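*Asks:* Predicted model follows, preceded by the sequence.
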Amino acid sequence: MTDAQRRWLPIPVFAAILILWEAGVRHSGHVTLYPYPTGVTQAAIRTIRDGSLLAATLGSLHRVLLGFGIGALLGIPLGLLMALVPALNRAMSPIVDSLRSIAPIAWIPMALLWLGIRGNAALFIVAYAAFFPFVLNTIEAARQIDRKLIDAAAALGAGPALILRGVILPGSLPIVLTGARISLAFAWGSIIAAELAMGIKVSSGGSAAVGLGQLMVSTLYIRRDVNGLVLYMIVIGLISWAIDALMRRLQRALTPWR
Amino acid sequence: MAIDMPAKIEGRGLCKTYVSARTGEKIQALNNVSFVIGVNEFVSIVGPSGCGKSTLLSLVAGFAAPTSGEVLVDGVTVTAPDPQRGVMFQDYALFPWRTVLGNVEFGPMARGVGVAERRAIARRHIEMVGLAGFENRFPHELSGGMRQRCALARLLANEPEVWLMDEPLAAVDLQTRNILQDELLRLWGDDADPASRRAVMFVTHGIDEAVYLSDRVIVMGRRPGQVKEVVRIDLPRPRRSLRSSVGAGRFVEHIWGLIRDEAARAIVEEAR
């Protein structure tokens, strides 16, 4: 087999799977229970035309980025303080450790109770999910900085403020950004879960800012459209992939010395 | 040992004990170390592994405090790092996120020099060490010898009165080391007016290097670290033509004789 053949090999295999899949579902006669390729394509065309797919995607993304920002804004300073002030680290790390072992989605019922279904509950879950990776990675980032770099800065005349700004912050950045990638992936996973839970309540008579999770619930219970569900799964996967690719690019742009 | 110029750095009865992070046992790194370095004098510290020579340098830099004794610079006790005492580290300790220019201008920036002026200072020193054209490279884009030059330019940009150098040439190959030794001598003022020279404390493993560069060599012993002997290298300056002179060989042999047995023991004991 030549290199070119090897490279294009996945395409006929993928096409064959799609054809077998389509034929199998049609043959079974259960087209409302099992999704199939042309049905997913139709769902895509319909939801792109009526704008519901874009609106839901933007709704979810908006909340993820907002929650991610809140997680960063609270998590990075706390991580830095814990890394730099040993007493604070001893005081806080048992609390941080016990809270982070509670999965973010376990907070969903409480968040719904306190914050309702209008989007703030999902925001809380996402911020919570993003917060802990930021704290832990920032602690790790600040601790791994070579002591000699701090000594070098001090010997060049740097005071504590310049050591923080000129050594500890840039020295932490690569690992903090790695943490940000994990946080964002984690946050995206959590928003879907939170929206699914909220969507169940919406479908039984409430209303909320619509995200992909809510759309999935209404597609399941109201429209009973399995092809739509698969479409949303694909969109969720594509966005995960795009977020990670974007974060990698951002990481390269912000830390050119790596 | 008396010196024929005013003292710049003085160590008085320095002891340093620390707890090993690996074994938890107390280690006496320095025991009652006293020494003097004159205002225009190049002094090397040599000794086997574990003789505390790097510890001694970090006390003079102000990175650590002695358990007892004190370091005086211009008669004032050292309590913290100071830009008047420039430090060059064994593994360069360049800021990886700063370019060559950014590294060299860090000192002037820390001292509050404005942007235009500190750029000019940095460029002048980058040129002085032969790195012109590499201003915008990051340290990881430089060879070992170039990183060393960058570290030297960073030290010089603050125009410190004291140069503290911790095995600065240990990580480069032999030929690069010879070239950098000559450049270091030139920048220090080997062939210039002795009054223009700075006080240098140069920690090294290399006995040849110490003899070639120094006015005096402080030979240290280990376990605990202590001064064994101070050897005056009364070879004429400039030294550049003397790299393999018979005169230098005599000092190298003498110093090696002082260190050899302990260095051999250190090989075995370091592994424990």
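*Replies:* Thanks, I have the structure now. Note that this is a predicted model, so its numbers are computed, not measured.
*Asks:* Show me where chain B has its helices.
*Replies:* Applying DSSP state H to chain B gives helices spanning B:53-61, B:100-104, B:106-110, B:115-128, B:144-157, B:174-188, B:207-213, B:246-269.
*Asks:* Would you reformat those helices as CSV and include mean neighbour count, distance to residue B:6 and mean pLDDT?
*Replies:* Bear in mind the C-beta positions are built from the backbone N, C-alpha and C, glycine included. CSV is the format used below for those (neighbours: other Cβ atoms under 10 Å in any protein chain shown; distance: least, Cβ to Cβ, whole Å; pLDDT from 0 to 100):
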stretch, mean neighbour count, distance to residue B:6, mean pLDDT
helix B:53-61, 23, 17, 91
helix B:100-104, 25, 30, 94
helix B:106-110, 24, 26, 93
helix B:115-128, 17, 27, 91
helix B:144-157, 24, 23, 91
helix B:174-188, 17, 18, 86
helix B:207-213, 23, 21, 88
helix B:246-269, 15, 25, 79
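*Asks:* residues contacting the residue at minimal distance from the centre of chain B?
*Replies:* Taking Cα atoms, centre = their mean as the criterion, residue B:165 is the residue nearest the geometric centre of chain B, at 1.8 Å. By Cβ atoms under 8 Å, 6 or more residues apart in numbering or on different chains, residue B:165 lies in contact with B:57, B:87, B:88, B:200, B:201, B:202, B:203.
*Asks:* Compare the helices of chain B and give me the one nearest residue A:178.
*Replies:* helix B:100-104 (23.2 Å; Cβ to Cβ).
*Asks:* And the contacts of that closest one?
*Replies:* Contacts for helix B:100-104 (Cβ under 8 Å, 6+ apart): B:94-95, B:119, B:122-123, B:125-126, B:131, B:134-137, B:139, B:142, B:150-151, B:153-154, B:157.
*Asks:* picking that back up, hey, what's the residue nearest to the centre of chain B bridged with?
*Replies:* Bridge pairing for residue B:165 (DSSP bridges) gives the partners residue B:88, residue B:202.
*Asks:* Give me every residue in the stretch 151-258 of chain A that's in contact range of chain B.
*Replies:* Applying Cβ under 8 Å from any Cβ of the partner chain, we find that the stretch 151-258 of chain A lies next to chain B at A:151-159, A:162, A:166-167, A:170-171, A:173, A:255-257.
*Asks:* Mind checking which of these land in strands?
*Replies:* Among those, no residue falls in strands (DSSP state E).
*Asks:* Would you mind listing which of those residues are buried?
*Replies:* For these, a burial check counting by 16 or more other Cβ atoms under 10 Å in any protein chain shown picks out A:151-158, A:162, A:166-167, A:170-171, A:173, A:255.
*Asks:* Now the stretch 101-250 of chain A against chain B: closest residue?
*Replies:* residue A:157 (3.5 Å; Cβ to the nearest Cβ).
*Asks:* from what I can see that residue touches residue B:113, true?
*Replies:* No. Contact between residue A:157 and residue B:113 fails when scored by Cβ atoms under 8 Å: they sit 10.1 Å apart.
*Asks:* give the contact list for residue A:105.
*Replies:* A:125, A:190, A:193, A:194, A:197.
*Asks:* Among those, list the two that are farthest apart in space.
*Replies:* Most distant of the contacts of residue A:105, by Cβ to Cβ, are A:190 and A:197, 10.6 Å apart.
*Asks:* more neighbours, these two?
*Replies:* Using other Cβ atoms under 10 Å in any protein chain shown, the more surrounded residue of residue A:190 and residue A:197 is residue A:190, with 24 against 21.
*Asks:* Would you confirm that the more buried one contacts residue A:129?
*Replies:* Yes. If you go by Cβ under 8 Å, residue A:190 and residue A:129 touch, sitting 3.9 Å apart.
*Asks:* what do these two both touch?
*Replies:* residue A:104.
*Asks:* For residue B:98, which non-adjacent residue is spatially closest?
*Replies:* The shortest distance from residue B:98 to any non-neighbouring residue, by Cβ to Cβ, 6 or more residues apart in numbering or on different chains, is to residue B:106 (6.8 Å).
*Asks:* Check the gap between that neighbour and residue B:158 for me.
*Replies:* Here residue B:106 is placed at a distance of 9 Å from residue B:158 (Cβ to Cβ, to the nearest Å).
*Asks:* hey, what's in contact with both of the two?
*Replies:* The contact lists of residue B:106 and residue B:158 share residue A:156, where a contact means Cβ under 8 Å, 6+ apart.
*Asks:* Please report the number of neighbouring residues for residue B:28.
*Replies:* Residue B:28 has 15 nearby residues by other Cβ under 10 Å.
*Asks:* Name the nearest residue to it, sequence neighbours excluded.
*Replies:* residue B:224 (3.9 Å).
*Asks:* and if you look at residue B:104?
*Replies:* Closest to residue B:104 by Cβ to Cβ, 6+ apart is residue B:122, at 4.0 Å.
*Asks:* Tell me who's in contact with residue 179.
*Replies:* Picked chain A for this. Residue A:179 neighbours (Cβ under 8 Å, 6+ apart): A:133, A:134, A:136, A:137, A:138, A:140, A:141.
*Asks:* should've been chain B
*Replies:* Going by Cβ under 8 Å, 6+ apart, the list of residues near residue B:179 reads residue B:145.
*Asks:* Swap in 7 Å and give it another go.
*Replies:* By Cβ atoms under 7 Å, 6 or more residues apart in numbering or on different chains, no residues touch residue B:179.
*Asks:* do the same with the one 4 residues further on
*Replies:* If a contact means Cβ under 7 Å, 6+ apart, then residue B:183 has no contacts.
*Asks:* distance of it from chain A?
*Replies:* 21 Å (Cβ to the nearest Cβ, to the nearest Å).
*Asks:* likewise residue B:263?
*Replies:* 25 Å.
*Asks:* do the same with residue B:61
*Replies:* Where chain A is concerned, residue B:61 sits at a distance of 6 Å (Cβ to the nearest Cβ).
*Asks:* Do I have it right that that residue meets residue B:80?
*Replies:* No. The pair residue B:61 / residue B:80 is not scored as a contact, 9.5 Å apart, by Cβ atoms under 7 Å.
*Asks:* which bits of the stretch 1-150 of chain A sit near chain B?
*Replies:* For the stretch 1-150 of chain A, the contact set with chain B under Cβ under 7 Å from any Cβ of the partner chain comprises A:148, A:149.
*Asks:* Pull up the residues of the stretch 1-150 of chain B that are close to chain A.
*Replies:* B:61, B:63, B:81, B:83, B:85-87, B:89, B:93, B:95-97, B:106-107, B:110-111, B:138, B:140.
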